[in-house]
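S.K.: the following comprises the amino acid sequence and a computationally predicted model.
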Amino acid sequence: MADDPLDDFDTEDVTLYGTTRRVHRLGSGPAVIVIAEMPGISPKVADVARRIAGAGATAVLPSLFGVDGRDPRPDNLGAVGSATNMLGTMARACVTREFTILATGKTSPVASWLRALAAREHDRCGGPGVGAVGMCFTGGFALAMATDDRMLAPVLSQPSLPFAVLPGRARAIDVSESDLALVQARCARGLEVMGLRFRGDRLVPEARFAYLRELLGDAFIGVELPDESANPDSMLPRPHSVLTEDLRDEPGQPTREAYDRVIDFFTAKLGLQPTA
């Protein structure tokens, strides 16, 4: 792959709570907020937005970190450049106060900005509500956004925070207890939450999904994939990124079936009408 110019998206700078971020938008219909994984809006993340837009949604891509459209793979940046890009972006995110990286029982401050963006997009796009998909570093953000009644379809793809390699963080998610209580109450009233992971993913351990099932009960739709179903040409050392790097986009493949379940989830919850 190569860098993606994102020239099929409309782009604007959006200021909410005094913070301005670039937002890319594609499609029509109810809004789905697509929150990029590390190291940013890569071509494969942009393709997630394109597929969601093709299903009949307005895909909304906020730029939270990294260089928009940059292909992070070694065959584009070189091995050293790819590693430097990833580690540098993560390091910058780790020192900002917008993201809660290590702590348990805390919602990252950027979630408030994302909730406001979702409310803004709902006003713009209409429909019964909005959806969201967070990936890896941002996976839990979709859950934090579900405190708002306008969020009808939150998807947590390999939610990796807080880092589970540290003690006491496997049975945790980067959402505060008060926010979790609001989500639990909404789940009791009918909200459903989808989660995706590879079974052997140490960044998203089985205990994290077990914790979410205990919290949310049958409202949590956990999709867990065998490691051997991941893309063998992935740039990642272990299966991790279900919708992007580790996707095998072929009929009958478990990752493709999981992807289709995500699209079906948005379609059912938001009443999407696929584009021609």
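M.R.: Okay, I see it. Numbering: from 1, shown residues only.
S.K.: and the nearest residue to residue 230 once chain neighbours are set aside, how many neighbours?
M.R.: Leaving aside its sequence neighbours, residue 230 sits nearest to residue 239 (C-beta to C-beta, 6 or more residues apart in numbering; 3.5 Å). Placement of C-beta: from N, CA and C, glycine included. For residue 239, the neighbour count with other C-beta atoms under 10 Å is 24.
S.K.: go on, residue 211?
M.R.: Under the neighbour criterion other C-beta under 10 Å, residue 211 is assigned a count of 16.
S.K.: pretty sure it is in a strand, no?
M.R.: No - applying DSSP: H, G, I helix; E, B strand; the rest coil, one finds residue 211 to be helix, outside a strand.
S.K.: how far away is it from residue 115?
M.R.: Remark: distance between residue 211 and residue 115 (C-beta to C-beta, to the nearest Å) = 23 Å.
S.K.: circling back: mind checking pLDDT for the residue nearest to residue 230?
M.R.: At residue 239 the predicted local confidence, pLDDT, stands at 95.
S.K.: name the element it belongs to?
M.R.: Under DSSP states H and E, no helix or strand contains residue 239.
S.K.: cool, the one 10 residues further on as well?
M.R.: Here residue 249, judged by DSSP H and E, is contained in no helix and no strand.
S.K.: please enumerate the helices of the protein.
M.R.: Secondary structure of the chain (DSSP state H): helices at 43-54, 74-77, 79-95, 110-125, 139-144, 177-188, 206-216, 254-270.
S.K.: let me know which of those helices is tucked in deepest.
M.R.: Mean neighbours per residue, mean count of other C-beta atoms under 10 Å, is largest over the helices of the chain for helix 139-144, with a mean of 29.
S.K.: residue 155: neighbour count?
M.R.: So residue 155, with other C-beta under 10 Å, has 27 neighbours.
S.K.: you'd agree residue 63 is up against residue 23?
M.R.: Yes - between residue 63 and residue 23 there is a contact under C-beta atoms under 8 Å: 7.1 Å.
S.K.: return the alpha-carbon coordinates of stretch 207-227 using PDB.
M.R.: Presented in PDB, the C-alpha positions along stretch 207-227 are these (Å, rounded to 0.1, in the frame of the first residue of the first chain):
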ATOM      1  CA  ALA A 207     -10.300 -11.700  31.300                       C
ATOM      2  CA  ARG A 208     -11.200  -8.300  29.800                       C
ATOM      3  CA  PHE A 209     -14.100  -9.800  27.800                       C
ATOM      4  CA  ALA A 210     -15.100 -11.900  30.800                       C
ATOM      5  CA  TYR A 211     -15.200  -8.600  32.800                       C
ATOM      6  CA  LEU A 212     -17.400  -6.900  30.200                       C
ATOM      7  CA  ARG A 213     -19.700  -9.900  30.100                       C
ATOM      8  CA  GLU A 214     -20.100  -9.700  33.900                       C
ATOM      9  CA  LEU A 215     -20.800  -6.000  33.700                       C
ATOM     10  CA  LEU A 216     -23.100  -5.900  30.800                       C
ATOM     11  CA  GLY A 217     -24.600  -9.500  30.800                       C
ATOM     12  CA  ASP A 218     -26.300 -10.600  27.500                       C
ATOM     13  CA  ALA A 219     -26.000  -7.000  26.200                       C
ATOM     14  CA  PHE A 220     -22.300  -7.700  25.500                       C
ATOM     15  CA  ILE A 221     -21.800  -9.400  22.100                       C
ATOM     16  CA  GLY A 222     -18.300 -10.800  22.300                       C
ATOM     17  CA  VAL A 223     -16.800 -12.000  19.000                       C
ATOM     18  CA  GLU A 224     -13.600 -14.000  19.600                       C
ATOM     19  CA  LEU A 225     -11.600 -15.200  16.700                       C
ATOM     20  CA  PRO A 226      -8.900 -18.000  16.400                       C
ATOM     21  CA  ASP A 227      -5.400 -16.700  16.000                       C
END
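S.K.: could we number from 10 for the rest of this?
M.R.: Okay, residue one is now 10; in that scheme the one you just asked about reads as stretch 216-236.
S.K.: any weak-confidence spans in the stretch 60-209 of the chain?
M.R.: Where the stretch 60-209 of the chain drops to pLDDT under 70, the residues are 81-114, 175-176.
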